[in-house]
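A.B. asks: I'll drop the sequence and a predicted model, then ask my questions.
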Amino acid sequence: MPIQSVNDFVIRFANVNGSGSASANLLFARSIMRMGVPIAPRNIFPSNIQGLPTWYEVRVTEQGHLGARGGTDMMVAMNPQTWDKDIASIEPGGYLFYDSSRPVPASRLRDDISVIGMPLTDIVNREYSDPRQRQLFKNIIYVGALAALLDIEIGVIETLIGEQFKGKDKLIQPNLKALAIGNDYAKAHFACPIGLRVRRADGIGDRIFVEGNAAAGLGAVYGGATVCAWYPITPSTSLAEAFERYCGRLRVDAETGRKKFAIVQAEDELASIGMVVGAAWNGARAFTATSGPGISLMQEFLGLAYFAEIPAVLFDVQRGGPSTGMPTRTQQSDILIAAYAAHGDTKHVLLFPRDPNEAFTFSALAFDLADRLQTPIFVMLDLDIGMNQHLCAPFAWDDARAMDRGKVMTAEELEAGRDFGRYLDVDGDGIPYRTYPGTHPTRGSFFTRGSTRDRYARYTEEGAPYVDNMERLLRKFETAKALVPQPVLASAAQPTRLGVIHYGSTGPAMDEAAALLGADGLHVDTLRVRGFPFGREVTDFIAAHEQVFVVEQNRDAQLRTLLIAECGIDPAQLVPVLHYDGTPITARFIHRDIKAKAAVVPAAARREVLS
């Protein structure tokens, strides 16, 4: 029986990288959003320039489930190389749309799906003589056909084409023609619409559609960053590029044209973090954007910034590892290396945004925290957030908000004879006062050091001053617990002794999975951690539950490891739920894994949950 669903299905495009399909697929996705129906698109692409398989998935979700669901209701199969895998992924009762210019043996199809073959190659060969036009317009033709099959308003797509090629007007009519060719053919040859339909709704509201890297780049501008030093690495490159683009609009003197920012593409990651540390020591708000391999290379300078207490912000857009790993796949596999980066005893502050809105907010916050705590701050994004477009709440900013530059001693205070010890804990919070270089001609800190020293920055190798300094750094880390974003608690509809801890991009899928579990009578409280170090809210949540599932996207349960190490939790109390194949975690995966593992929950908890 074919699937029948309105505004609730998953369609996946299987293409070849470099075929020009990306813009056509995005056009398709945006047309549904223009009809007022929320979407959750995700791009799965290879790390080469051309020739390998690429997939683009669009989840149509009027209910607003913006995480990956799992499964495919309609496959647009345009890549023979991945045909068998693509056909196998279609849900029973689903639909296959493919180029039927060459016959496909029945043995390579399925009896439990609806097959829609359209001779796309024959059509473009008849309509166009130029090979590149054949390739590009083939994509627009299948968008037109899909509009008829799914009942998408063709006028919406026509409007989007006009907007997309504004200023390149000669391209508008050829694209409109290709769109009409596909639409007319589908209406003439197929029963339109099929069981999957798009119906105009009002589900978008004031939400915006934006990539996480762009949001973080804009947040850096609002956060007062003036220096970016970076080395290109997937999937973080677009963050630095977004920062440069926004600075070009917002950080250029209107009268003189003078740029009030500095962006340096360094020779490598080690040089980039060195530049950030130098600029930050000099008083600038500076950052780098990188991924796991870059963090590996930056550790010596990170140790210097931690020990010398210099502000710095690092955007880690995580990808599959280790080594080169999977450069264009998503993971949450840098948690431990970021938390403890550098040799010796170090602990770094981490922020875990869920979506582009929090990427913007946490980006700006990171610069305040770096100055306040005088230490590196990691904003832990990942490829799913960074390089995919998401519907999210619009960014908000209070124009009255002032930058928190932390404890900076002025020339007047130094002149008045105020006691200045660069590593002196005056307030008991572990955070010393600092000065900017050149603040006073004879007093204050002009230099700093990465070796042992006493409270007045005088070199020493005595054990007692070293221990004093290291314990003060721990007090500062304790102070950070109240400054990082606090966890978000979602209580189940019924009292339960089962909990779930999750973070970052797992959020949307976890929200949906919690609802699915509740529908099965398995109620779970959830806690989304948004920062490290962990505060009392995290330990209290764990203590309040018999068993806590920790959902994350890596093999080694890195957040779980951090919870055990930092909070002294019994490992048996924390059950890992791990997804690490490089694709975004799905609601179905979380639901299935927790449901299976809840079967071995202690009897008392299980009776309470299932009663």
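C.D. replies: Right, received. Where do you want to start? All of these numbers come straight from a predicted model, not from anything done at the bench. Numbers count the residues shown, from 1 in each chain.

A.B. asks: next SSE downstream of the helix or strand that contains Arg249?
C.D. replies: For Arg249, the host element (DSSP states H and E) is helix 237-250. Using DSSP H and E, the helix or strand that directly follows helix 237-250 along the chain is strand 262-265.

A.B. asks: okay, the angle between the following helix or strand past that next one and helix 237-250?
C.D. replies: Remark: after strand 262-265, the chain's next helix or strand is helix 269-281, criterion DSSP H and E. Inter-element angle recorded for helix 269-281 and helix 237-250: 40 degrees (by axes from the mean of the first three to the mean of the last three Cα atoms, to 10 degrees).

A.B. asks: that older thread, export the helix holding Arg249 as PDB, just CAs?
C.D. replies: C-alpha atoms of helix 237-250 as PDB (Å, rounded to 0.1, in the frame of the first residue of the first chain):
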ATOM      1  CA  THR A 237      36.200  27.200   6.500                       C
ATOM      2  CA  SER A 238      32.800  28.800   5.900                       C
ATOM      3  CA  LEU A 239      32.800  30.200   9.400                       C
ATOM      4  CA  ALA A 240      35.900  32.300   8.800                       C
ATOM      5  CA  GLU A 241      34.500  33.300   5.400                       C
ATOM      6  CA  ALA A 242      31.200  34.400   7.000                       C
ATOM      7  CA  PHE A 243      33.100  36.500   9.600                       C
ATOM      8  CA  GLU A 244      35.000  38.200   6.800                       C
ATOM      9  CA  ARG A 245      31.800  38.800   4.800                       C
ATOM     10  CA  TYR A 246      30.000  40.300   7.800                       C
ATOM     11  CA  CYS A 247      33.000  42.400   8.800                       C
ATOM     12  CA  GLY A 248      33.000  43.800   5.200                       C
ATOM     13  CA  ARG A 249      29.500  45.100   5.900                       C
ATOM     14  CA  LEU A 250      29.700  46.000   9.500                       C
END
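
A.B. asks: what helix or strand does the nearest residue to Ala77 once chain neighbours are set aside sit in?
C.D. replies: Leaving out its chain neighbours, the residue that sits closest to Ala77 by Cβ to Cβ, 6 or more residues apart in numbering is Tyr98, at 4.4 Å. (Each C-beta comes from the backbone N, C-alpha and C, glycine too.) Following DSSP H and E, one finds Tyr98 within strand 90-99.

A.B. asks: give the pairing partners of that strand; include direction for each.
C.D. replies: Its sheet considered, strand 90-99 pairs with strand 72-77 (parallel), strand 114-118 (parallel) by DSSP bridges.

A.B. asks: following the longest one, which helix or strand comes up?
C.D. replies: By that I understand strand 72-77. Using DSSP H and E, the helix or strand that directly follows strand 72-77 along the chain is helix 83-88.

A.B. asks: which strands and helices sit next to that following helix?
C.D. replies: strand 72-77 (3 or more Cβ pairs under 8 Å, 6 or more residues apart in numbering; DSSP states H and E).

A.B. asks: chain center to the strand it packs on: distance?
C.D. replies: 25 Å (Cα atoms, centre = their mean, to the nearest Å).

A.B. asks: do the same with stretch 324-344
C.D. replies: Here stretch 324-344 is found 14 Å from its chain centre; the criterion is Cα atoms, centre = their mean.

A.B. asks: buried sites along it?
C.D. replies: Of all the residues in stretch 324-344, those buried under the rule 16 or more other Cβ atoms under 10 Å are 325-335, 337-342.

A.B. asks: between the strands paired with strand 90-99, which one is closest to Ser23.
C.D. replies: In terms of Cβ to Cβ, the element of these nearest to Ser23 is strand 72-77, at 14.9 Å.

A.B. asks: pull the CA atoms of that closest one into PDB?
C.D. replies: C-alpha atoms of strand 72-77 as PDB (Å, rounded to 0.1, in the frame of the first residue of the first chain):
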ATOM      1  CA  THR A  72      13.300   7.600   3.100                       C
ATOM      2  CA  ASP A  73       9.700   7.900   1.800                       C
ATOM      3  CA  MET A  74      10.700   9.000  -1.700                       C
ATOM      4  CA  MET A  75      14.100   8.500  -3.400                       C
ATOM      5  CA  VAL A  76      15.100  10.600  -6.400                       C
ATOM      6  CA  ALA A  77      17.700   8.200  -7.700                       C
END
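
A.B. asks: show me the contact partners of that strand.
C.D. replies: Contact partners of strand 72-77, identified using Cβ atoms under 8 Å, 6 or more residues apart in numbering, comprise 3, 5, 9-14, 57, 83, 86-87, 89-91, 94-99, 142, 146, 196.

A.B. asks: center of the protein - which residue?
C.D. replies: The residue lying closest to the centre of the chain (Cα atoms, centre = their mean) is Ile385, at 2.0 Å.

A.B. asks: can you tell me the SS state at that residue?
C.D. replies: Going by DSSP: H, G, I helix; E, B strand; the rest coil, the secondary structure assigned to Ile385 is helix.

A.B. asks: same check, this time on the one 10 residues further on
C.D. replies: The three-state label given to Phe395 by three-state DSSP is coil.

A.B. asks: ok, now which ones touch it?
C.D. replies: Applying Cβ under 8 Å, 6+ apart to Phe395 gives the contacts 208, 215, 218-219, 357, 360-361.

A.B. asks: the same query, at a cut-off of 6 Å, please.
C.D. replies: Applying Cβ atoms under 6 Å, 6 or more residues apart in numbering to Phe395 gives the contacts Phe360.

A.B. asks: rewinding a little: is the residue nearest to Ala77 bridged to anything, and to what?
C.D. replies: Counting by DSSP bridges, Tyr98 is bridged to Ala77, Gly117.

A.B. asks: from Phe45, how far out is it?
C.D. replies: Between Tyr98 and Phe45 the distance is 21 Å, computed by Cβ to Cβ, to the nearest Å.

A.B. asks: where in the stretch 351-500 of the chain is pLDDT low?
C.D. replies: Counting by pLDDT under 70, the stretch 351-500 of the chain contains low-confidence residues at 446-447.

A.B. asks: picking that back up, and the contacts of the helix holding Arg249?
C.D. replies: Residues outside helix 237-250 that contact it (Cβ under 6 Å, 6+ apart): 213-214, 216-218, 220-221, 228, 230, 261, 263, 289, 315.

A.B. asks: now stretch 330-347
C.D. replies: 292, 295, 299, 302-303, 306, 316, 318, 320-321, 348, 350, 378, 382-384, 477, 504, 552-554, 558-559, 580, 584.

A.B. asks: out of those residues, which sit inside helices?
C.D. replies: 292, 295, 299, 302-303, 306, 383-384, 477, 558-559 (DSSP state H).

A.B. asks: from those, pick the one nearest Leu150.
C.D. replies: Nearest member of these to Leu150, counting by Cβ to Cβ, is Asp384, at 25.3 Å.

A.B. asks: from Asp429, how far out is the residue nearest to the closest one when sequence neighbours are not counted?
C.D. replies: Excluding the flanking residues, the one nearest Asp384 by Cβ to Cβ, 6+ apart is Thr330, at 4.2 Å. Per Cβ to Cβ, Thr330 is found 37 Å from Asp429.

A.B. asks: who touches Arg30 in this structure?
C.D. replies: Counting by Cβ under 6 Å, 6+ apart, Arg30 has contacts Leu160.
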